[in-house]
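Colleague: Task: produce atomic coordinates for the following.
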Amino acid sequence: MNARAPRLEARFWRSRRSAAVAGIVFGVLLLAALTMLRVALSADSLQSLESDPARRRLIRISLHLVPFAGIAFLWFIGVVRDQLGDVEDRLFSTVFLGSGLLFLAMLFIGAVTASSMTAMLAGSDVNADVWAYGRTSTQALISVYAMRMAAVFTLSVSTVGLRTSAFPRWVAILGYLVAVVLLVAAGEHRWTQLAFPAWVLLVSVVILFTRPPIREVAAEQTDPPS
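Modeller: A predicted model of the protein is given here:
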């Protein structure tokens, strides 16, 4: 009984359900963080943030959520790769892993610059030029570069999902649409950023409530004797 318990626990952490739970946690946390950040930074003027402590508090809360969202996303990537197993396509799995890690890195860097901007507001004399530079850098990192990597991640996951029947076809097609929107309009329209965590949340819910596909693994280790 004691010998089986660690084996069952390890199996759970590598299961589809584990990937689904991690994706749901990531989707919910990043949706909340991006929404709060957009609401708090809706006003362009520095004076509006200096005079409104509620907005500064909203920014701090959103930044505290980002690391936990990143941890969940990293776990989601790992479990999905483990689930692919023998049917993993090296090309798409490399793009999938690389784009996911780059997205995460840019998201964290954007969160760091946003934290620095929030710390500046605690001072009595905030340089407006430095503030504008930090705001522009944060928006470029998250809205443009991170979301472009999220689009590549969505494309690769949708393609792998179609090839392996890991989730329904309509989810993959929706993923292609989300990727196109992120590639074209993520830097222009702020709220389009929510499409990526919403899609990951949808994929995770679908994975959680659907049965895994039955794969037929061909025996290719040795050629039949002539």
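Colleague: Now stretch 61-79: buried residues?
Modeller: For stretch 61-79, burial by neighbour count (16 or more other C-beta atoms under 10 Å) applies to 62-63, 65-66, 69-70, 72-73, 75-79. Glycine gets a C-beta too; all of them are placed from N, C-alpha and C.
Colleague: All the strands of the chain, residue numbers only.
Modeller: With DSSP state E as the criterion, the chain has no strands.
Colleague: residue ranges with poor pLDDT in it?
Modeller: Scanning the chain for pLDDT under 70 picks out 1-14, 42-46, 48, 50, 83-89, 123-124, 212-226.
Colleague: Apply 50 and report the result again.
Modeller: By pLDDT under 50, the low-scoring segments of the chain are 1, 3, 5, 8-9, 12-13, 215-223, 225-226.
Colleague: And the helices in it, which stretches?
Modeller: Secondary structure of the chain (DSSP state H): helices at 4-13, 16-40, 46-50, 53-84, 90-120, 128-139, 147-164, 169-185, 195-209.
Colleague: so what does the last one touch, helix or strand wise?
Modeller: Counting contacts by 3 or more C-beta pairs under 8 Å, 6 or more residues apart in numbering; DSSP states H and E, helix 195-209 is packed against helix 16-40, helix 53-84, helix 147-164, helix 169-185.
Colleague: Only alpha carbons, please: show it as PDB.
Modeller: Extracted C-alpha coordinates of helix 195-209, given in PDB (Å, rounded to 0.1, in the frame of the first residue of the first chain):
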ATOM      1  CA  ALA A 195      -7.800  36.200 -25.600                       C
ATOM      2  CA  PHE A 196      -4.700  34.100 -24.800                       C
ATOM      3  CA  PRO A 197      -5.300  33.300 -21.200                       C
ATOM      4  CA  ALA A 198      -9.000  32.800 -22.100                       C
ATOM      5  CA  TRP A 199      -8.100  30.300 -24.800                       C
ATOM      6  CA  VAL A 200      -5.700  28.400 -22.400                       C
ATOM      7  CA  LEU A 201      -8.500  28.300 -19.900                       C
ATOM      8  CA  LEU A 202     -10.900  26.900 -22.500                       C
ATOM      9  CA  VAL A 203      -8.400  24.200 -23.600                       C
ATOM     10  CA  SER A 204      -7.800  23.200 -20.000                       C
ATOM     11  CA  VAL A 205     -11.500  22.900 -19.200                       C
ATOM     12  CA  VAL A 206     -12.000  20.800 -22.400                       C
ATOM     13  CA  ILE A 207      -9.100  18.600 -21.400                       C
ATOM     14  CA  LEU A 208     -10.500  18.200 -17.900                       C
ATOM     15  CA  PHE A 209     -13.900  17.000 -19.000                       C
END
